[in-house]
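*Asks:* show me the folded form of this:
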Amino acid sequence: MARTNRKQEILQAALDCITEVGVEATTIEMIRDRSGASIGSLYHHFGNRERIIAALYLEGLGGYGAMLEAGLLDSLAPEACVKLFVTGYVDWVAANPAWARFILHNRGRVEAGEMGEQLREYNQQHGQRIAAILRRHREAGAFKAIPGECFVSVVIGPVQDMARNWLAGRSKQPLTEYRELLAQIAWDSVRA
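*Replies:* Residues are numbered from 1 along each chain as shown. Alright, predicted model coming up:
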């Protein structure tokens, strides 16, 4: 079996275990049993349980980030860019609820762990790529005068809160039902 496939199987097994029993209760033995990998393979690919958790976090975050960046073309209009932040997030969360739940609840753990620097580097690079695309629209006057560090929070904050409620079972409607409404709210919040 290819190395990448084995790593993916281990990460999926870890996510399944965490979804069933939580992060704290998930053991390396549980991940081994679920993935069918040997302890040696787990340690070879990741080193320890905390690195598996961090790799799982980074993999999920990277999947969403790659999807978002693929859609954010330089030629996209300002409204379409802003709405893509929201619709892309809704689509990713709806398609990956276990991963989304894990990411929403484990950022601090990964940031404080031995792979925290890797997470910070990823976030910085991702943020720079997104900012470069949005800068053109900002300079053209398409957005309100919102500080750059607040912009993404204004756009994505409401949908993240709605996603948390949906993932926790507090929202009775599917998250996708609010996709267009939340995208319009985001655009209305930032457009000039």
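*Asks:* host element of the most centrally placed residue in the chain?
*Replies:* Centrality entry for the chain: nearest residue to the mean C-alpha point is L61, 3.6 Å, by CA atoms, centre = their mean. In this structure, L61 sits in helix 49-71 according to DSSP states H and E.
*Asks:* repeat for E180
*Replies:* In this assignment (DSSP H and E), E180 forms part of helix 179-190.
*Asks:* returning to what we had before: how about residues contacting the helix holding L61?
*Replies:* Helix 49-71 is contacted by residues 7, 10-11, 14-15, 18, 23, 26-28, 31, 42, 46, 84-85, 88-89, 91-92, 96, 99-100, 102-103, 106-107, 109-110, 113-115, 118-119, 122, 126, 129-130 when judged by CB atoms under 8 Å, 6 or more residues apart in numbering. Where you see a C-beta, it was placed from the backbone N, CA and C, and this is true even at glycine.
*Asks:* ok, the residue nearest to the centre of the chain to H126 distance?
*Replies:* Using CB to CB, to the nearest Å, L61 is found at 8 Å from H126.
*Asks:* repeat for N5
*Replies:* Note on N5: its distance to H126, by CB to CB, is 25 Å.
*Asks:* likewise for K83?
*Replies:* According to CB to CB, K83 and H126 sit 19 Å apart.
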